[in-house]
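Engineer: Could you look at this predicted model? Sequence included:
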Amino acid sequence: MATDILFFIPNIIGYIRIGLALISFILWNHPFYFLLFYCVSVSLDCVDGYAARKFQQTSKFGAWFDVIIDLLSRGFLWCGLSKWGYIIVMLEWMTFVSTHSKGPNWKETSKDFPALIKSVMAGGFYTPLGMFVISGLHVLPIWLYGLQSGYLDSVNLPVIIQMMVVLVLIAGRGVCCIVELFYNKKYVEFLLDEKTEEAVKS
């Protein structure tokens, strides 16, 4: 077992992200500090991928670990915002199971995928549509926390802007939901395909 992977720079960044997320949740009732620590943790999600490529330290564990950190921190946030937050958490974890069964190439699409799905997934989300969807995924719960905690009011952000941003982020999260449901549907079809099951056994 290659335990040295645990000490790869991108994975060390992951441990730091977990620590920052834990600190943020301890400071849940202090909006400025919660947002500070939580947003730094989320921002480091971009740094670990860069570090993995720069130092040639990509790994299957790292790809898995990166998403696990996102799901845990974002899931805790959703559940803190609403008793219904677990529904979104459940969908995200189901999608994680459905996509990462494909391994590190889970972002790749097939010719038979709908145009919307291929457009969202194109270039590893580094397209206008992909970034719109990812913003809905990551930023919406943060923005809702800012609304619920009153922090956005405390910085004198006009209500009209607060609501406009919410609508844009909800739209992005809605498209994300369509993508998630599609991947879950594809995975269920895979599980129900008896020919595939027989091929795996042989």
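Structural biologist: Great, that's in hand.
Engineer: ok now stretch 16-28, how far from the chain's centre?
Structural biologist: What separates the centre of stretch 16-28 from the centre of its chain is 17 Å, taken as Cα atoms, centre = their mean, to the nearest Å.
Engineer: what does stretch 52-71 give?
Structural biologist: 13 Å.
Engineer: tell me which element A52 falls in.
Structural biologist: Element membership for A52, per DSSP states H and E: helix 31-54.
Engineer: can you give me the mean pLDDT across that helix?
Structural biologist: For helix 31-54, mean pLDDT is 92.
Engineer: pLDDT below threshold where in this protein?
Structural biologist: 1, 104, 195-202 (pLDDT under 70).
Engineer: Kindly recompute the last result at 90.
Structural biologist: Residue ranges of the chain with pLDDT under 90: 1-3, 45-46, 48-50, 52-56, 58-64, 100-112, 123-126, 190, 193-202.
Engineer: any idea which residue sits dead centre in it?
Structural biologist: With distances taken as Cα atoms, centre = their mean, the residue of the chain nearest its centroid is D70 (5.1 Å).
Engineer: burial count for L192?
Structural biologist: 9 (other Cβ atoms under 10 Å). Placement of C-beta: from N, CA and C, glycine included.
Engineer: Could you do F65 as well?
Structural biologist: Residues near F65, counting by other Cβ under 10 Å: 21.
Engineer: still on that earlier bit, what's the offset of the helix holding A52 from the middle of its chain?
Structural biologist: Mean C-alpha position of helix 31-54 versus that of the full chain (Cα atoms, centre = their mean) differs by 12 Å.
Engineer: packing partners for that helix?
Structural biologist: helix 9-26, helix 60-81, helix 128-149, helix 151-154 (3 or more Cβ pairs under 8 Å, 6 or more residues apart in numbering; DSSP states H and E).
Engineer: can I get those in JSON lines with distance to M94?
Structural biologist: Formatted as JSON lines, these follow (distance: least, Cβ to Cβ, whole Å):
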{"stretch": "helix 9-26", "distance to M94": "22"}
{"stretch": "helix 60-81", "distance to M94": "11"}
{"stretch": "helix 128-149", "distance to M94": "14"}
{"stretch": "helix 151-154", "distance to M94": "31"}
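Engineer: Nearest to A171, out of those?
Structural biologist: Closest of those to A171 is helix 128-149, at 6.8 Å (criterion: Cβ to Cβ).
Engineer: Next, the angle helix 31-54 makes with that closest one.
Structural biologist: 150 degrees (axes from the mean of the first three to the mean of the last three Cα atoms, to 10 degrees).
Engineer: quick one: buried residues of helix 128-149?
Structural biologist: Using 16 or more other Cβ atoms under 10 Å as the test for burial, helix 128-149 gives 129-130, 132-133, 135-147, 149.
Engineer: Which elements pack onto that helix?
Structural biologist: helix 31-54, helix 60-81, helix 115-121, helix 151-154, helix 159-192.
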